[in-house]
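K.L.:
Sequence first, then the predicted structure, then my questions.
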Amino acid sequence: MIFKFFPKIFPQEFSFFDLFDKQVGYAVEATRCFKEWASKGADGTMLKKIEVIEHQADEVAHTIIGQLDKTFITPFDREDICALAKEMDDITDMINTIMSRMTVYKLTGVNKTLVEFSYVIEQSVLCVERAVKGLRKPKKAKSVLESCVEINRLENVGDAMRDEALAKLFEEEKDPIAIIKWKEIYQYAETVLDICEDVANVVESILVKQA
Amino acid sequence: MIFKFFPKIFPQEFSFFDLFDKQVGYAVEATRCFKEWASKGADGTMLKKIEVIEHQADEVAHTIIGQLDKTFITPFDREDICALAKEMDDITDMINTIMSRMTVYKLTGVNKTLVEFSYVIEQSVLCVERAVKGLRKPKKAKSVLESCVEINRLENVGDAMRDEALAKLFEEEKDPIAIIKWKEIYQYAETVLDICEDVANVVESILVKQA
Amino acid sequence: MIFKFFPKIFPQEFSFFDLFDKQVGYAVEATRCFKEWASKGADGTMLKKIEVIEHQADEVAHTIIGQLDKTFITPFDREDICALAKEMDDITDMINTIMSRMTVYKLTGVNKTLVEFSYVIEQSVLCVERAVKGLRKPKKAKSVLESCVEINRLENVGDAMRDEALAKLFEEEKDPIAIIKWKEIYQYAETVLDICEDVANVVESILVKQA
């Protein structure tokens, strides 16, 4: 943490921590948007909203990578900053993909399994928020690690949910085209939890290096 | 750019720029091959040709990575050279995969959407060629950046094309087996444009570091 | 190889080589488990066993990454150690995914193509074991490279097997739902060989850097 001794070299406006907070905020917003979409059924307003969020998150990711290439002293390893920026962006991207693909497939009704996924995804992304925001407070390391453990647990929950959802789909649904559609959506939903786990792995790695 | 002061340490025969030019040349060749394949329908000669191109591109990628491991001074960051080599190889690979999978699926006719994809892919890969070839001329930075912006635009065009193609496929095609086949082909076609965008991101990152 | 001059800084209990041996051992175990599964048909005992192996392999991967973040002197480049740990873990993961997905899809019978895949996968993972174990003996470099060449050859064999299997599936199977299931399983089986090739690429890169 050389960083704290050279505040001038790392001015506030380029603070990676502020940019991370902003980006994880978009991931949380995306999650909330998806929860509403899943529980109320497809909705044009929500689709517009997620596209705006995705675009904003993308811009922050670009800003982070751009700053990284221009900055000599960084609060932690460059590859960890880069990985965090890309993976947080992937969360928002994947949620956008789910909602956009459901629109393409005209899946407009409420699906109980997807509602359940949206709750687990929200829990996981809130843990990601706690972990990422905690990175700037070295004293919070313990609580950051607890969030990472919870993210890993929720990824396992998601795996089981996807397996159960696929088993039910192949058992009950007789229309192969509906199977093609929902199989893809369930797999994407589980992928959001995989990406959260990737973020947790980067965060854990940052903590170990700082210890 | 320490490189230019030590021409002897970085002899011509190991020039990464020459290897990049060669590799991006194979990506352009692959694109042309695919355009002909898409517009005239599947053809055994084209399939043989793409396999040869893919093999040659693969060898150049191996040469680049091998040189990288043996070379002390490189024109830009090692991880950027490695990423460029791998992603340019991925372009040729993915085009080969599309043509080979269409052969496996016996999709031999002309498909209008695929023809459109082949044109957008050609445009994007030509921008990749301009960007990669421009890397050796620092004065061309502005035009390189313009190519990157265009690659990003074409990726968005490709996203919209894929969504439209999938929507039409699920609406009009009643045979689930045909849906399985074309869904995969359209998604692969869009993936080529994603890979071009990955190349553009690496190129932009190289430019920022050199600025 | 600064490492060998400072044995005290790199104590036996944190030996990356020992951890790699352990992890590649789990990959071999997973392969054997899968071969039995494929040749005798789905079996609850095998499914339990692969889950245990996958969990153990995951823990070793975590230990390697954790040690890497805490260790100053490493036997080879940190990113190569990290890549090796992740990709060897991916082998076990993917085999677990195949067996778990087949359970979800209720694919319980013996499938000739999958039996063939299981033999090629076993051969490839045994080469991976030879390559990874050879890394600690610089004199074995030639035999390590031979294993890498064989892994590449087997990946090509796998590509051809997958193409043939898909062609046969789409030609003979009339039930689209069965096509959806087996298409995914065959593609996952081929992916195991792709991951082995990724390991071989990292191993080759390590050897080139040491030369």
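P.N.:
In hand now; what should we look at? Residues are numbered from 1 along each chain as shown, chains lettered A, B, ... in the order given.

K.L.:
from memory residue A:136 sits against residue A:24, does it?
P.N.:
No. The criterion here is Cβ atoms under 8 Å, and residue A:136 misses it with residue A:24 at 11.9 Å. For the C-beta atoms, the positions are set from N, CA and C on the backbone; glycine is no exception.

K.L.:
out of these two, which sits in the more crowded spot?
P.N.:
Applying other Cβ atoms under 10 Å in any protein chain shown to residue A:136 and residue A:24 shows that residue A:24 carries more neighbours, namely 25 against 14.

K.L.:
residue contacts, that one?
P.N.:
By Cβ atoms under 8 Å, 6 or more residues apart in numbering or on different chains, residue A:24 lies in contact with A:88, A:128, A:129, A:132, A:133.

K.L.:
What of residue A:137?
P.N.:
Contacts of residue A:137 (Cβ under 8 Å, 6+ apart): none.

K.L.:
quick one: it and chain C, what's the gap?
P.N.:
20 Å (Cβ to the nearest Cβ, to the nearest Å).

K.L.:
And residue A:173, its phi and psi?
P.N.:
The phi and psi values for residue A:173, taken as degrees, to the nearest 10, are phi -80, psi 130.

K.L.:
what does residue A:106 give?
P.N.:
Per degrees, to the nearest 10, the backbone of residue A:106 is at phi 50, psi 40.

K.L.:
neighbours of it, just the number please.
P.N.:
Residues lying near residue A:106 (other Cβ under 10 Å) number 12.

K.L.:
Excluding chain neighbours, what is closest to it?
P.N.:
The shortest distance from residue A:106 to any non-neighbouring residue, by Cβ to Cβ, 6 or more residues apart in numbering or on different chains, is to residue B:170 (7.6 Å).

K.L.:
isn't the one you found right next to residue A:103, touching?
P.N.:
No. Residue B:170 is beyond contact range of residue A:103, at 11.5 Å (criterion: Cβ under 8 Å).

K.L.:
Do you know the pLDDT at the residue of chain A most remote from its centre?
P.N.:
No residue in chain A sits farther from the centre than residue A:174, which is 33.1 Å out by Cα atoms, centre = their mean. As predicted, residue A:174 sits at a pLDDT of 96.

K.L.:
Tell me who's in contact with the nearest residue to residue A:203 once chain neighbours are set aside.
P.N.:
Distance criterion Cβ to Cβ, 6+ apart; nearest residue to residue A:203, sequence neighbours excluded, is residue A:131 at 4.8 Å. Taking Cβ under 8 Å, 6+ apart, we find residue A:131 in contact with A:144, A:147, A:148, A:151, A:199, A:200, A:203.

K.L.:
rerun that using 10 Å as the cut-off
P.N.:
A:24, A:140, A:143-148, A:150-151, A:196, A:199-200, A:202-204, A:206-207 (Cβ atoms under 10 Å, 6 or more residues apart in numbering or on different chains).

K.L.:
For the residue nearest to the spatial centre of chain A, list the residues it contacts.
P.N.:
In chain A, the centroid-proximal residue (Cα atoms, centre = their mean) is residue A:91; its distance is 3.1 Å. Listed by Cβ under 10 Å, 6+ apart, the contact set of residue A:91 reads A:23-24, A:26-28, A:30-31, A:57, A:121, A:124-125, A:128, A:191-193, A:195-196, A:198-199.

K.L.:
If we use 6 Å, what do you get?
P.N.:
A:27, A:195 (Cβ atoms under 6 Å, 6 or more residues apart in numbering or on different chains).

K.L.:
Next, the buried residues of the host helix or strand of it.
P.N.:
If you go by DSSP states H and E, residue A:91 is part of helix A:78-104. Residues of helix A:78-104 classed as buried: A:80-104 (neighbour count, 16 or more other Cβ atoms under 10 Å in any protein chain shown).

K.L.:
try stretch A:117-134
P.N.:
A:117-118, A:120-134.

K.L.:
Just these: which are in helices?
P.N.:
Applying DSSP state H to the buried residues of stretch A:117-134, the entries found in helices are A:117-118, A:120-134.

K.L.:
how much distance is there from the lowest-mean-pLDDT helix or strand in chain A to the middle of the chain?
P.N.:
Lowest on mean pLDDT, DSSP states H and E among the helices and strands of chain A sits helix A:44-70, with a mean of 93. Helix A:44-70 sits 13 Å away from the centroid of its parent chain (Cα atoms, centre = their mean, to the nearest Å).

K.L.:
do the same with stretch A:124-131
P.N.:
Distance of stretch A:124-131 from the chain centroid (Cα atoms, centre = their mean) equals 8 Å.

K.L.:
Give the rounded mean pLDDT of that stretch.
P.N.:
Rounded mean pLDDT across stretch A:124-131 is 98.

K.L.:
likewise stretch A:194-211?
P.N.:
Mean pLDDT, stretch A:194-211: 92.

K.L.:
which residues make contact with it from outside it?
P.N.:
Counting by Cβ under 6 Å, 6+ apart, residues outside stretch A:194-211 touching it are A:76, A:80, A:83-84, A:87, A:90-91, A:124, A:128, A:131, A:141, A:148, A:151-152, A:155, C:66, C:69.

K.L.:
now with 7 Å?
P.N.:
A:1, A:76-77, A:80, A:83-84, A:87-88, A:90-91, A:94, A:124-125, A:128, A:131-132, A:135, A:138, A:141, A:144-145, A:148, A:151-152, A:155, C:65-66, C:69-70 (Cβ atoms under 7 Å, 6 or more residues apart in numbering or on different chains).

K.L.:
who's in contact with residue A:170?
P.N.:
A:179, C:105, C:177 are the contacts of residue A:170 under Cβ under 7 Å, 6+ apart.

K.L.:
State the helix or strand in which it lies.
P.N.:
Assigned by DSSP H and E, residue A:170 falls in helix A:141-172.

K.L.:
Just flag the most distant two among the contacts of residue A:24.
P.N.:
Greatest spatial distance in the contacts of residue A:24: A:88 and A:133, 11.8 Å, computed using Cβ to Cβ.

K.L.:
next one: the helix ranked longest in chain A to chain centre, how far?
P.N.:
Secondary structure assigned by DSSP H gives helix A:176-210 as the longest helix of chain A. The chain centroid and the centroid of helix A:176-210 are separated by 8 Å, computed with Cα atoms, centre = their mean.

K.L.:
Check stretch A:35-47 too.
P.N.:
18 Å.

K.L.:
Do any residues in that stretch lie close to chain B?
P.N.:
No. Under the criterion of Cβ under 7 Å from any Cβ of the partner chain, stretch A:35-47 makes no contact with chain B; the nearest approach is 11.8 Å.

K.L.:
Contacts for that stretch, please.
P.N.:
Stretch A:35-47 has contacts (Cβ under 7 Å, 6+ apart) with A:33, A:99, A:102-103, A:107-110, A:114-115, A:118-119, A:122.

K.L.:
interface residues of chain A facing chain C?
P.N.:
So far as Cβ under 7 Å from any Cβ goes, chain A lies against chain C at A:163, A:166, A:167, A:170, A:176, A:179, A:180, A:205, A:208, A:209.

K.L.:
any idea what sits nearest the second one, other than its immediate chain neighbours?
P.N.:
Using Cβ to Cβ, 6+ apart and skipping residues adjacent in sequence, the residue nearest residue A:166 is residue C:104, 5.1 Å away.

K.L.:
Brilliant, that's me finished.
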